[in-house]
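Novice: following is a predicted model, sequence given first.
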Amino acid sequence: MDIKVPTLLIDKEKCRKNIKKMFEKATKAKATLRPHFKTHHSAIVASWYRELGINQCTVSSVSMANYFAKHGWKDITIAFPYNPLESVEINALAGKIDLSILLESNESAIHARENLKNKVGYFIKIDVGTLRTGIDHKNEDLINNIISTLGKELDFRGFLAHAGHTYGAGTIENIQWIFDQAEKMLVPLRERFGGILSYGDTPSCSIIEDLSTYDELRPGNFVFYDWMQHEIGSCTVNEIAVCLASPVTAIHPERSEVVIYGGAVHLSKDSLSTKNGTCFGKVVELTANGWNTSLIGNVNRISQEHGIIKLSENFISDVKVGDIIGVIPVHSCLAADIQGHYLSTNGERIEKLSKT
């Protein structure tokens, strides 16, 4: 592979296995798998889901919804609060595909009713403990007002939740507790108001065995996984399907440090605390068709373009300026978002949504 700058490598077979495993889990739970595409942003990666007959997806922006609609996806949920400033674009897209949006206030409901003339579905977003967006599950007056305000103007689809706080849960037992609490909040809402329950976060969907409470599952990160997911317990090292190929640009043997072209604008600033200090990525050796899963070091410090790796004396003696080193990202969603394109482990260029 001809790599000259930081490039995110994708192992297609690992991705396909991850997709198949999650699809089988959703099928066992008798739930629809509506994968979140914010992790990969790629119509090519999305096509691997279609191999299993998956024809519905989740996105996080109107621009992403338009991108996937242009590539043939006709059933899309925008899992981000309705933005009134994009009502013209949302209305236009709803005239072409089956589109669902999220609502969580009377103001948004009124605006959507008055400005969306094409048929649009909507979910009411419920906060199950992440404290980011969503309505308190106890606020049934607000839920009833939103449904009443919209009447038959928009199509009520049900309730949607994302347990993002599972990422900081620390243990599998805590993830199970978060999952159980979300069930207690959401099931009564379905019983009172109807509709479906749409739920999604990769730790829960990967770790919890019985997902049958939910009608729809929306995990996203599982297609790639990353080191954070491995630390959580969501995946094995062998299931991580992405690795940043980074050129070595300097070596400081007196400090046992290697400098790579691969910093915050390639890996993001997400980090994990380890016994050896802060980790911005796990270092591995690249092979002719991928990477070894044996770890040889950590990315301990980063700046905008630089990554600083601490290596043992044995490894640092084998590294040369101009070599390419692999880094497994702490958070693959951000590392992927930053990239202009990907490269498969067999050298295929994989295009993705461009933000320019």
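Specialist: Yep, that arrived.

Novice: might you list the low-confidence residue ranges for the stretch 101-250 of the chain?
Specialist: Within the stretch 101-250 of the chain, no stretch has pLDDT under 70.

Novice: quick one: the strands in it?
Specialist: Along the stretch 101-250 of the chain, counting by DSSP state E, counting those that start in this stretch, strands occupy 121-127, 135-136, 155-161, 196-199, 216-217, 242-252.

Novice: kindly report the same for the stretch 251-356 of the chain.
Specialist: 257-261, 272-274, 277-279, 281-287, 290-302, 306-311, 324-329, 341-344, 349-351.

Novice: let's have those strands in JSON lines, adding mean pLDDT and distance to Thr130.
Specialist: All C-beta spots, glycine's among them, are computed from the backbone N, C-alpha and C. Conversion of the strands of the stretch 251-356 of the chain to JSON lines gives the following (pLDDT from 0 to 100; distance: least, Cβ to Cβ, whole Å):
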{"stretch": "strand 257-261", "mean pLDDT": "97", "distance to Thr130": "34"}
{"stretch": "strand 272-274", "mean pLDDT": "90", "distance to Thr130": "20"}
{"stretch": "strand 277-279", "mean pLDDT": "92", "distance to Thr130": "24"}
{"stretch": "strand 281-287", "mean pLDDT": "96", "distance to Thr130": "25"}
{"stretch": "strand 290-302", "mean pLDDT": "95", "distance to Thr130": "27"}
{"stretch": "strand 306-311", "mean pLDDT": "95", "distance to Thr130": "30"}
{"stretch": "strand 324-329", "mean pLDDT": "98", "distance to Thr130": "22"}
{"stretch": "strand 341-344", "mean pLDDT": "98", "distance to Thr130": "29"}
{"stretch": "strand 349-351", "mean pLDDT": "97", "distance to Thr130": "31"}
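
Novice: winner for burial among those?
Specialist: strand 324-329 (a mean of 25; mean count of other Cβ atoms under 10 Å).

Novice: which elements pack onto that strand?
Specialist: Strand 324-329 sits against strand 242-252, strand 257-261, strand 281-287, strand 290-302, with contacts defined as 3 or more Cβ pairs under 8 Å, 6 or more residues apart in numbering; DSSP states H and E.

Novice: please redo it, this time with the cut-off set to 7 Å
Specialist: In terms of contacts (3 or more Cβ pairs under 7 Å, 6 or more residues apart in numbering; DSSP states H and E), strand 324-329 is packed against strand 242-252, strand 281-287.

Novice: partner strands of the first one, with direction?
Specialist: Within its sheet, strand 242-252 is paired with strand 7-10 (antiparallel), strand 257-261 (antiparallel), strand 324-329 (antiparallel), according to DSSP bridges.

Novice: out of these, which is closest to Ile208?
Specialist: Across the strands paired with strand 242-252, Ile208 has its closest neighbour in strand 324-329 (24.3 Å, Cβ to Cβ).

Novice: now do that closest one against strand 290-302, angle only.
Specialist: Relative orientation of strand 324-329 and strand 290-302, computed by axes from the mean of the first three to the mean of the last three Cα atoms, to 10 degrees: 70 degrees.

Novice: who's in contact with strand 324-329?
Specialist: Outside strand 324-329, the residues within contact range by Cβ atoms under 7 Å, 6 or more residues apart in numbering are 3, 226-227, 240, 242-248, 260, 262, 267, 281-286, 291, 299, 307, 335.

Novice: let's see 8 Å
Specialist: For strand 324-329, the surrounding residues in contact (Cβ atoms under 8 Å, 6 or more residues apart in numbering) are 3, 9, 226-227, 240, 242-248, 258, 260, 262, 267-268, 270, 281-286, 291, 299, 307, 309, 319, 335.

Novice: again, but for stretch 163-176
Specialist: 128-132, 177-179, 182, 199, 201, 203-204, 207-208, 228, 232-233.

Novice: try 10 Å this time
Specialist: Here stretch 163-176 makes contact (Cβ atoms under 10 Å, 6 or more residues apart in numbering) with 127-133, 177-179, 181-182, 199-209, 221, 228-229, 231-234, 331.

Novice: repeat for stretch 18-26
Specialist: Among residues not part of stretch 18-26, those counted as contacts by Cβ under 10 Å, 6+ apart are 11, 31-35, 45, 48-49, 51-54, 202, 205-206, 208-209, 211, 214, 216-217, 219, 221-225, 235, 239-241.

Novice: only the buried subset of these, as a ChimeraX command please.
Specialist: A single ChimeraX command selects the buried members of the contacts of stretch 18-26 (16 or more other Cβ atoms under 10 Å):
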select :11,31,32,33,34,35,45,48,49,54,202,205,206,208,211,214,216,217,219,221,222,223,224,225,235,239,240,241
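
Novice: among the contacts of stretch 18-26, which ones are in helices?
Specialist: Judged by DSSP state H, the contacts of stretch 18-26 include 45, 48-49, 202, 205-206 as members of helices.

Novice: present those residues as JSON lines; the columns should include distance to Glu104.
Specialist: Listed next are these as JSON lines, based on distance: Cβ to Cβ, whole Å:
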{"residue": "Val45", "distance to Glu104": "30"}
{"residue": "Trp48", "distance to Glu104": "32"}
{"residue": "Tyr49", "distance to Glu104": "28"}
{"residue": "Thr202", "distance to Glu104": "23"}
{"residue": "Cys205", "distance to Glu104": "23"}
{"residue": "Ser206", "distance to Glu104": "27"}
